[in-house]
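Asks: Model the structure of this input:
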Amino acid sequence: MLTVPGLPPAAAEAAAKPTLRTYAVQGTDLAVALLPGPAATILLYAARRFHYEIDALRSGDLVTDASGTVLDIRPGWYPAGARDGFLPYQLIVVHDIVAQCDGLLRWGGDERTPREGRFAIAVAPTDHRLRVLAKRLDTDAASPSRRVGAGTALPFTTDRVRRAQSLRRSMIR
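Replies: Residues are numbered from 1 along each chain as shown. Just a heads-up that it's a prediction; the model follows:
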């Protein structure tokens, strides 16, 4: 750590940027840079379901932050502070995506200053629950009888809607 008399210690080493990896988004011609590991699995799950169940993603629709743990979908369509950018059925799907991630994924539309196109990992990237969730999402995708991903989920069933509403109430800031 660099120290200079009379100045606070520099924390450059502690603030090193994480190494991101580029991943293809299933069902699209798009790729996005994310933090490798469970965070990428979870954010790719959200992007895939958005693409298949809400609206097709196109070039330029995905933006990430430097941490690789935040995914902004169409930030120009869903600018910070704007609400009501989704139709009711689309909101049900968004809430179901978050509910299927057991509260480890946050939706920006629930923030005080909404960002409706934002999905973010809600815990530290090293949280062991992320690994458990990512493994479940991978297992579900590989087992046809357990799939919860795009095209196989039933986000409009009463039980799924109730679960999503309950989780959302506990997460809204």
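
Asks: Output the lowest mean pLDDT helix or strand found in the protein.
Replies: When the helices and strands of the chain are compared on mean pLDDT, DSSP states H and E, helix 158-171 comes out lowest with a mean of 70.

Asks: how about the helices in this protein?
Replies: 38-49, 88-100, 128-142, 158-171 (DSSP state H).

Asks: among those, which is nearest residue 23?
Replies: helix 38-49 (5.7 Å; Cβ to Cβ). In short, each C-beta sits where N, CA and C put it, glycine included.

Asks: average pLDDT for that closest one?
Replies: The average pLDDT within helix 38-49 is 97.

Asks: what's it packed up against?
Replies: If contacts are counted by 3 or more Cβ pairs under 8 Å, 6 or more residues apart in numbering; DSSP states H and E, helix 38-49 sits against strand 21-24, strand 31-34, strand 70-73, helix 88-100, strand 105-107, strand 118-121, helix 128-142.

Asks: In JSON lines, list those along with distance to residue 64, mean neighbour count and mean pLDDT.
Replies: Shown next, in JSON lines, are the helices and strands packed on helix 38-49 (distance: least, Cβ to Cβ, whole Å; neighbours: other Cβ atoms under 10 Å; pLDDT from 0 to 100):
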{"stretch": "strand 21-24", "distance to residue 64": "10", "mean neighbour count": "13", "mean pLDDT": "97"}
{"stretch": "strand 31-34", "distance to residue 64": "6", "mean neighbour count": "19", "mean pLDDT": "98"}
{"stretch": "strand 70-73", "distance to residue 64": "6", "mean neighbour count": "22", "mean pLDDT": "98"}
{"stretch": "helix 88-100", "distance to residue 64": "17", "mean neighbour count": "20", "mean pLDDT": "94"}
{"stretch": "strand 105-107", "distance to residue 64": "14", "mean neighbour count": "23", "mean pLDDT": "97"}
{"stretch": "strand 118-121", "distance to residue 64": "10", "mean neighbour count": "23", "mean pLDDT": "98"}
{"stretch": "helix 128-142", "distance to residue 64": "17", "mean neighbour count": "16", "mean pLDDT": "86"}
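
Asks: Okay, buried residues for stretch 25-45 please.
Replies: By neighbour count with 16 or more other Cβ atoms under 10 Å, stretch 25-45 contains the buried residues 25-26, 28, 30, 32-35, 38-45.

Asks: and which of these is nearest residue 68?
Replies: Nearest to residue 68 out of those is residue 35 (Cβ to Cβ; 3.4 Å).
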